[in-house]
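Asker: fold the following and give me the result.
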Amino acid sequence: IMKKFYIHTMGCKSNQFESSIIKENLLKNGFAEVKELTEAELYILNSCTVTHKSDNEAFYLLRNAKHKNPSILTVLTGCIAQVEKEKLLKNEFIDFVVGNDEKLKMTEILTDILAKNGRIACRDIMNLSEFNKIVLADTAKTRASLKIQDGCDNRCSYCIIPFARGKSRSANTDFVIEQINNFSKHGFKEVVFTGIHIGQWGKENGKELLDLLREVEEKTSIERFRLGSLNPLEITDEMLEFLQKSEKFCPHFHLSLQSACNKTLRSMNRFYKVEDYLEQIEKINEIFNKPFLGSDIITGFAGETNEDFEITRQNLEKSGLTQIHTFPYSLRAGTAGAKSQEQVDEKTKEMRAEIVKKISAKKLEEFIKNNINCEHEILIEKRPDKKTGLLKGMTRNYLTVITNSKDIKLFNTLAKVRIKRFENGKIFGELV
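Answerer: Sure thing, here's the model as predicted:
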């Protein structure tokens, strides 16, 4: 079997985490990772299918790999592989197709496929009910990622991901605590909880995310934790009360809002109202000291009129958000949104996305300026800023600050910094 591999990762934090697992699995089994495509015998693409753009990019990458290195064998895994399965074997640039669960045991799966002269390993992910307990201690990174959940039980009308990831399933509490304590032993000071829909953690066992966070607070020695994306409905008053008192929580929220117009939210099959989450954002801004509030917005969803978008625009303008990640709606076959007769043209979607991007840029700049002259705790990264050679680190509220020190003894330590200025898109501060 080919021993030199090159891996490319697309998409979300869960995919990035899983690519590290694939890499670790291959390296343990005598494979070698190469940095140049032309030297590789095996090209592994861990794909994303959240938009048609990501699909197109994946097919381009596979074609490009074969073009640059005709003898290379290609393995397509990730969400496209899971949704399209056998259909992909018609593509001349794809040699093997490996599903989202199978990819976590890449060596065994490839050996098995080759032994059977097959080309695909991809079970029906909807039948999975157990969380795949995978551990990773990538010590090159400054922050540890821990996947605590996979899959999603919602059926939002724009989204294909439940079909690519299966039912919601959670890591059990003991596993999570054990992993975090293991990270601490490896010297990590911060853990980021990732998953496909972490707000659904524990749901299948009658528990909720807050139960897990209470245990983490009590039973681990790690200094900081950060949460992945949450649906506004999942941030209850009880959770906010707990997070406010928590010594470990980093006040950085990511809200998957998707729209700021109630009519659009209803047609997306999202079960909350704009008024409620705008109020919630206000509350978060009051309770925490300068919390970072990120969000996602889709522009041009099926049936979104100019009036609907105008409502979204006005609500976003007046909201207390820090940053808005936006993308034009992309039709995904097999979803309710794709069946709608009222599709918005691409140009309009793009134009609306540009408007939201401008709102976001303005809000982010205001937020950063509000943090000038403030003192923050930063976790100093294990590598300095490329351009200046100065140490940099992330504040609890998600700002990367370049410090005034080059002392590498401070790598991976928590330090106090006073933010001094913001220029050319970078934040500079002085160690206190």
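Asker: ranges for the strands of the stretch 151-300 of the chain?
Answerer: 169-170, 190-194, 224-227, 229-230, 252-258, 292-299 (DSSP state E, counting those that start in this stretch).
Asker: so which of the ones you listed is nearest L37?
Answerer: When these are compared by C-beta to C-beta, strand 190-194 sits nearest L37, at 27.6 Å. To be clear about C-beta, it is placed using only N, CA and C from the backbone, and glycine gets the same treatment.
Asker: which residues outside that closest one are in contact with it?
Answerer: 12-14, 17, 142-148, 180, 183, 222-228, 250, 379 (C-beta atoms under 8 Å, 6 or more residues apart in numbering).
Asker: now, which of the residues you listed lie within helices?
Answerer: K13, S14, F17, I180, F183 (DSSP state H).
Asker: re earlier: let me know which of the strands of the stretch 151-300 of the chain is the nearest to G389.
Answerer: strand 190-194 (23.3 Å).
Asker: and that closest one, what's buried?
Answerer: Counting neighbours by 16 or more other C-beta atoms under 10 Å, one finds that the buried residues in strand 190-194 are E190, V191, V192, F193, T194.
Asker: quick one, the longest strand along the chain and strand 190-194 angle?
Answerer: Longest strand in the chain, counting residues (DSSP state E): strand 414-423. Between strand 414-423 and strand 190-194, the angle comes out at 70 degrees (axes from the mean of the first three to the mean of the last three C-alpha atoms, to 10 degrees).
Asker: neighbouring strands for strand 414-423, and are they parallel or not?
Answerer: Paired neighbours of strand 414-423 in the sheet (DSSP bridges): strand 375-380 (antiparallel), strand 426-431 (antiparallel).
Asker: for A260, which residues are in contact?
Answerer: Residues near A260 by C-beta under 8 Å, 6+ apart: V274, L278, I297, I311, T312, R313, N315, L316, S319.
Asker: name the member of the residues you listed with the most neighbours.
Answerer: T312 (28 neighbours; other C-beta atoms under 10 Å).
Asker: state the distance from that one to N132.
Answerer: Distance of T312 to N132, computed by C-beta to C-beta, to the nearest Å: 37 Å.
Asker: separate out the buried members of the contacts of strand 190-194.
Answerer: 12-14, 17, 142-148, 180, 183, 222-228, 250, 379.
Asker: quick one: pLDDT of N117?
Answerer: In the predicted model, N117 carries a pLDDT score of 88.
Asker: helices and strands around the helix or strand containing N25, which ones?
Answerer: Applying DSSP states H and E as the criterion places N25 in helix 13-28. When contacts are defined as 3 or more C-beta pairs under 8 Å, 6 or more residues apart in numbering; DSSP states H and E, helix 13-28 packs onto strand 4-9, strand 32-33, strand 42-47, strand 73-78, helix 106-115, strand 144-147, strand 190-194.
Asker: and those as JSON lines, adding distance to C374?
Answerer: Output for those, formatted as JSON lines (distance: least, C-beta to C-beta, whole Å):
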{"stretch": "strand 4-9", "distance to C374": "35"}
{"stretch": "strand 32-33", "distance to C374": "41"}
{"stretch": "strand 42-47", "distance to C374": "39"}
{"stretch": "strand 73-78", "distance to C374": "40"}
{"stretch": "helix 106-115", "distance to C374": "45"}
{"stretch": "strand 144-147", "distance to C374": "26"}
{"stretch": "strand 190-194", "distance to C374": "20"}
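Asker: near G187, how many other residues are there?
Answerer: Using other C-beta under 10 Å, G187 has 12 neighbouring residues.
Asker: give me the number of residues near the nearest residue to it once chain neighbours are set aside?
Answerer: Nearest residue to G187 in three dimensions, chain neighbours excluded: N412, at 6.3 Å (C-beta to C-beta, 6 or more residues apart in numbering). When neighbours are counted by other C-beta under 10 Å, N412 registers 17.
Asker: now do K90
Answerer: 8.
Asker: so how far is I419 from the residue lying closest to T395 once chain neighbours are set aside?
Answerer: Distances taken as C-beta to C-beta, 6+ apart put H376 closest to T395, at 4.0 Å, once the chain neighbours are dropped. Applying C-beta to C-beta, the value for H376 to I419 is 7 Å.
Asker: ok so, going back, quick one: the residue nearest to G187 is in a strand?
Answerer: No: under DSSP: H, G, I helix; E, B strand; the rest coil, N412 falls outside any strand and is assigned coil.
Asker: now for it: which residues touch it?
Answerer: Taking C-beta under 8 Å, 6+ apart, one finds T142, G187, K189, L379, I380, E381, K382 in contact with N412.
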